[in-house]
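Asks: Sequence first, then the predicted structure:
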Amino acid sequence: MTKPTLIPILGDQLSHSLASLRGQSKTGSVILMMEVWDEATYVKHHKQKIALIFSAMRHFAAELSEAGWRIDYVKLTDTNNAGSFTGEVARAIERHDPAKICIVEASEWRVRQSMDEWHDKFACEVEVLPDDRFICAQAEFDEWAKGRKELRMEFFYREMRKKTGLLIDESGKPVGEKWNLDAENRASPDAKLDPPPCPKFAPDQMTQEVIELVEDRFGDHFGNLENFGWPVTRADAEKAADAFFAERLPDFGKYQDAMVHGSDDLYHSMLSTSINCGLLDPLDLCQRAAKAYQDGDAPLNSVEGFIRQIIGWREYVHGFYWHQMPGLAEANELEAKRPLPEFYWTGETDMRCLADSIRSTHDNAHAHHIQRLMVLGNFALLSGVAPSAVEDWYLAVYADAYEWVELPNVAAMVLYADGGKLASKPYAASGNYINKMSDYCKECAYSPSKKTGEGACPFNPLYWHFMDRHRERLSKNHRIGRIYSTWDRMGEEKQRDYLDSAEAFLETLEPAKDGWARH
Ligand code: FAD
Ligand code: DLZ
Ligand code: SF4
């Protein structure tokens, strides 16, 4: 009997078009899928994230089996579960005696490091294939980045537009003449906003079993499972995409940066969890968006904005992660040291914008982009929280979080820990910005127009405290330098007032207790 090929498929590789499945004989292969303790606990993931991955894995295995593949599925509760990918592959080798292992490269540095040892550890051949679900191969990104002093998403994005032909006219120019309609993505929320609800998918029996398992084994992890409604199959993920294109894409662009208390989805697609674990194909989604524009079903600012997020930001942070690792995980250019405040876990703060963003995070394992960037991220940046603490939090709490996408967004985009390799300046903002882009401030205990002292929005003094303490580094940045003339014009007394106010506020921050972050 010929020895089979062992094909391990990881929890974020749930795509029927996966490179390791293409061209393989169904009878000559064994597919290995593994629920392992190490993956579920390297940070204490939100309960919904573990339930999503386990349920999507189990459904994917069932679909493959239905299609005639031989499946070896290891459940978390199986006796002798080794608890790690390497341990489980070793056990599978004993069971199947394969001629070779064929696997798509892992998306995260941590897992790729352990997979690198497989060549020496295992007697059979190990073939590692590139993950061609990304539009930009790593060699292509590295080539683009070579010799550039600064990496900027905008220039990379244009290359991806040309490569994919998305929103490119016959003469090779961007449709609508501009590459980027960002300026048309910044409308403040108005009273008329009435986004249609996002579809939620009631847990079937398989998901219900996983939810019980998660409650039983990971009961002390952050988040609740009551709201679980994520699509866990490709068919349901496609339904979620259909609903987005039909109902929310037209207003997506205009209100991309808006925030409304209690409105967790607004006009966002809510598709990142499905894209990142492999249920949806990013290029296909962009092609569907482009078609909606061609058919007159959605305006250009929405369609370009959506496509930019995917072939621009998503591809850019992926290339950037692999270009900058392992250094990115250690980067701390601003030497931030503060522990994460306890309220990131409890949501107990009078700052209404933060409390609402944390509530959404807790209830849904999701917050939308501008909440992650300009509320939760901005606060961590201004108050000088240590990058490792912030990174662990983001990696744990969002159902779409994998290090390749979380780390560039948190370390580089939000915390400027990379010293400006990814973005030209820190996204620091005072309460004014949040007041303009949201309805949060109206009923907040603090006032965004009060600058210092009792009742002042804490973002106001924190903003100047941040600018002042990083003056040496930031004043050289031509996109920020001008801010210091405003600061200097204030005079010493006003400056002291801001700094004292910020320090008094920072004193009140209670550090997070142990228990939520890493095991
Ligand atoms: P939409 O607003 O509908 O956007 C469409 C798609 O564009 C998303 O589904 C996503 O695939 C992509 N996208 C948009 N912005 C980004 C971005 N900055 N980086 C990469 N892809 C992007 N996204 C993740 O998928 N996983 C993360 O762990 C993650 N962590 C983040 C941390 C911070 C601090 C910030 C500022 C952003 C982070 N993002 C992350 C990006 C973004 O917030 C989410 O992709 C988005 O909120 C997902 O919701 P959605 O599908 O409704 O997105
Ligand atoms: C996120 C996650 C979790 C919680 N559990 C598993 C698991 O038990 N088995 C698995 O194959 N994948 C899991 N994942 C996703 C992986 O962490 C992800 O596929 C790798 O880290 C990618 O490098
Ligand atoms: Fe947030 Fe300040 Fe507005 Fe309150 S006043 S919601 S703390 S920005």
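Replies: On my side now, so go ahead. Ligands and ions are numbered 1, 2, ... in the order given.
Asks: Could you use CA atoms for every contact and neighbour count after this?
Replies: Will do.
Asks: Residue 143 belongs to a helix, doesn't it?
Replies: Yes. Under DSSP: H, G, I helix; E, B strand; the rest coil, residue 143 falls within a helix.
Asks: any idea of the pLDDT on it?
Replies: For residue 143, the pLDDT comes out at 97.
Asks: okay, now it: neighbour count?
Replies: Look at residue 143: counted by other C-alpha atoms under 10 Å, it has 10 neighbours.
Asks: same thing with residue 503?
Replies: 15.
Asks: which SSE is it in?
Replies: helix 492-507 (DSSP states H and E).
Asks: Just checking that helix against ligand 3, any contact.
Replies: No. If you take C-alpha under 6 Å from any ligand atom as the test, helix 492-507 misses ligand 3, and the best it gets is 11.9 Å.
Asks: Show me what that helix is packed up against.
Replies: helix 459-469 (3 or more C-alpha pairs under 8 Å, 6 or more residues apart in numbering; DSSP states H and E).
Asks: pull the CA atoms of the following helix or strand past the helix it packs on into CSV?
Replies: Downstream of helix 459-469, the first helix or strand assigned by DSSP H and E is helix 471-474. Below are the C-alpha coordinates for helix 471-474, written out as CSV (Å, rounded to 0.1, in the frame of the first residue of the first chain):
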residue,chain,number,x,y,z
ARG,A,471,8.6,66.6,21.9
GLU,A,472,12.2,65.8,21.0
ARG,A,473,11.2,63.0,18.7
LEU,A,474,7.9,64.3,17.3
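Asks: Buried residues, helix 471-474. List them.
Replies: residue 474 (16 or more other C-alpha atoms under 10 Å).
Asks: Count residues in the vicinity of residue 299, would you?
Replies: 18.
Asks: just checking, next helix/strand downstream of the longest helix along the chain?
Replies: Taking DSSP state H as the criterion, the chain has its longest helix at helix 47-66. Using DSSP H and E, the helix or strand that follows helix 47-66 in sequence is strand 71-74.
Asks: circling back: who's in contact with the longest helix of the chain?
Replies: 11-12, 14, 33, 35, 40, 70-71, 73, 206-207, 210-211, 214-215, 218-219, 221-225, 228, 230, 232-233, 277, 364-365, 397-400 (C-alpha atoms under 8 Å, 6 or more residues apart in numbering).
Asks: Please indicate which of the residues you listed are buried?
Replies: 11-12, 14, 33, 35, 40, 70-71, 73, 207, 210-211, 214-215, 218, 221-225, 228, 230, 232-233, 277, 364-365, 397-400.
Asks: Among those residues, which ones lie close to ligand 1?
Replies: Contacts with ligand 1 within the buried ones among the contacts of helix 47-66, counted by C-alpha under 6 Å from any ligand atom: residue 400.
Asks: one step back: can you narrow the contacts of helix 47-66 down to the ones near ligand 2?
Replies: Answer for the contacts of helix 47-66 near ligand 2 (C-alpha under 6 Å from any ligand atom): 11-12, 35, 40.
Asks: Lowest-confidence entry in the residues you listed?
Replies: Ranked by pLDDT, these bottom out at residue 40, which has 95.
Asks: Tell me who's in contact with that one.
Replies: residue 50.
Asks: That one belongs to a helix, doesn't it?
Replies: Yes. Looking at residue 40 with three-state DSSP, it is inside a helix.
Asks: and it, how far is that from residue 408?
Replies: Distance, residue 40 to residue 408, using C-alpha to C-alpha, to the nearest Å: 22 Å.
Asks: Equivalent analysis for residue 496, please.
Replies: Applying C-alpha to C-alpha, one obtains 35 Å for the distance of residue 496 from residue 408.
Asks: go on, residue 263?
Replies: 27 Å.
Asks: repeat for residue 291
Replies: 30 Å.
Asks: More neighbours: which of those two?
Replies: Between residue 291 and residue 408, residue 408 has the larger neighbour count (other C-alpha under 10 Å), namely 28 against 16.
Asks: Close to ligand 1: what parts of this structure are there?
Replies: 268-272, 306, 309-310, 313-314, 368-369, 372-373, 377, 400-402, 405-406, 409-410, 414.
Asks: Inside helices: which ones of the residues you listed?
Replies: 272, 306, 369, 405-406.
Asks: how about the residues of the stretch 51-200 of the chain that lie near ligand 2?
Replies: Counting by C-alpha under 6 Å from any ligand atom, the stretch 51-200 of the chain sits next to ligand 2 at 53, 106-108, 111.
Asks: repeat that with 5 Å
Replies: Contact residues (C-alpha under 5 Å from any ligand atom) of the stretch 51-200 of the chain with ligand 2: 106-108, 111.
Asks: Which two among those are spaced furthest apart?
Replies: Farthest pair in those (C-alpha to C-alpha) is 107 and 111. Separation: 7.6 Å.
Asks: what's the neighbour count on residue 150?
Replies: Around residue 150 there are 12 residues (other C-alpha under 10 Å).
Asks: swap in residue 52?
Replies: 26.
Asks: For residue 481, state which of the ones next to ligand 2 among the contacts of helix 47-66 is nearest.
Replies: Using C-alpha to C-alpha, the ones next to ligand 2 among the contacts of helix 47-66 come closest to residue 481 at residue 12, 42.2 Å.
Asks: Against residue 153, how distant is the closest one?
Replies: For residue 12 relative to residue 153 (C-alpha to C-alpha), the value is 24 Å.
Asks: before we move on, what about residue 36?
Replies: The gap separating residue 36 from residue 153 is 35 Å, by C-alpha to C-alpha.
Asks: Skipping adjacent residues, who's closest to the residue in the stretch 151-300 of the chain that ligand 3 sits nearest to in space?
Replies: Nearest residue of the stretch 151-300 of the chain to ligand 3: residue 261, at 9.5 Å (C-alpha to the nearest ligand atom). Once flanking residues are discounted, residue 261 sits nearest to residue 440: 6.0 Å by C-alpha to C-alpha, 6 or more residues apart in numbering.
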